[in-house]
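Trainee: Sequence and predicted structure are below.
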Amino acid sequence: MKARRQTRILDIVRQGIVETQDDLARRLEEEGFPVTQATVSRDIKELRLVKVPMGDGRYRYAPSGEPAVGVARERMLRLLREYVTGFDSSENIVVLSTLPGMADPVAEAIDNLQLPEVIGTLAGERVVFAVVKPRRAVAGFLTRLRDILGQA
């Protein structure tokens, strides 16, 4: 029962927002896991759940090591602003120029932003190829890049 409950706790905090132990206890009760506050507290400790900011002044439980959504997103955007020196496109490929040695972190930032139009990136030393799908989404992606880089 404990293993099933803890597996479900991980699913709950990964799939939704759980701000308090009471929220978690209520969700578990709704799913047929009778728990006390002490049980929930022990499970949180054993699972090493941590409170992470959501970017709006509130906090939620998450597995340790999971980045805070708002904080992680802002870091990715800042990385793009600091290291991208230019960009252009051809068909459905956007080529981003970076400072020397910074293409890999820029590609990782683009991947982590999970932009729906970008289906993948490939990094060299100073260049990132971002594959955009469908081709008609390239203009929107270029506009987004201009906004991020302050080139509006």
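Mentor: Cool, the structure landed.

Trainee: Which elements pack onto the lowest-mean-pLDDT helix or strand in the chain?
Mentor: Using mean pLDDT, DSSP states H and E, helix 69-83 stands out as the lowest-scoring helix or strand of the chain, at a mean of 82. With contacts taken as 3 or more Cβ pairs under 8 Å, 6 or more residues apart in numbering; DSSP states H and E, helix 69-83 sits against strand 49-53, helix 103-113, helix 138-149. The C-beta positions use only the backbone N, C-alpha and C, and glycine is treated the same way.

Trainee: Give me the next element, helix or strand, following that helix.
Mentor: With elements assigned by DSSP states H and E, the helix or strand that comes after helix 69-83 is strand 84-90.

Trainee: List the strands paired with that next one, with their directions.
Mentor: strand 93-98 (antiparallel) (DSSP bridges).

Trainee: can you pull the buried residues of the strand it pairs with?
Mentor: 94, 96-98 (16 or more other Cβ atoms under 10 Å).

Trainee: Between which two of the residues you listed is the distance greatest?
Mentor: Greatest spatial distance among those (Cβ to Cβ): 94 and 98, at 12.8 Å.

Trainee: How far off centre is the least confident helix or strand of the chain?
Mentor: Here the centre of helix 69-83 is set off from its chain's centre by 11 Å, with Cα atoms, centre = their mean, to the nearest Å.

Trainee: I figured residue 131 hits residue 115, correct?
Mentor: No - in this structure, residue 131 is not within contact of residue 115 by Cβ atoms under 8 Å, at 11.4 Å.

Trainee: How is the chain divided into domains?
Mentor: 2-66, 70-149 (automatic domain parsing).

Trainee: one step back: quick one: which of the helices and strands packed on helix 69-83 is nearest residue 40?
Mentor: strand 49-53 (10.1 Å).

Trainee: That closest one pairs with which strands?
Mentor: By DSSP bridges, strand 49-53 pairs with strand 59-63 (antiparallel).

Trainee: Pull out the buried positions in the strand it pairs with.
Mentor: 60-62.
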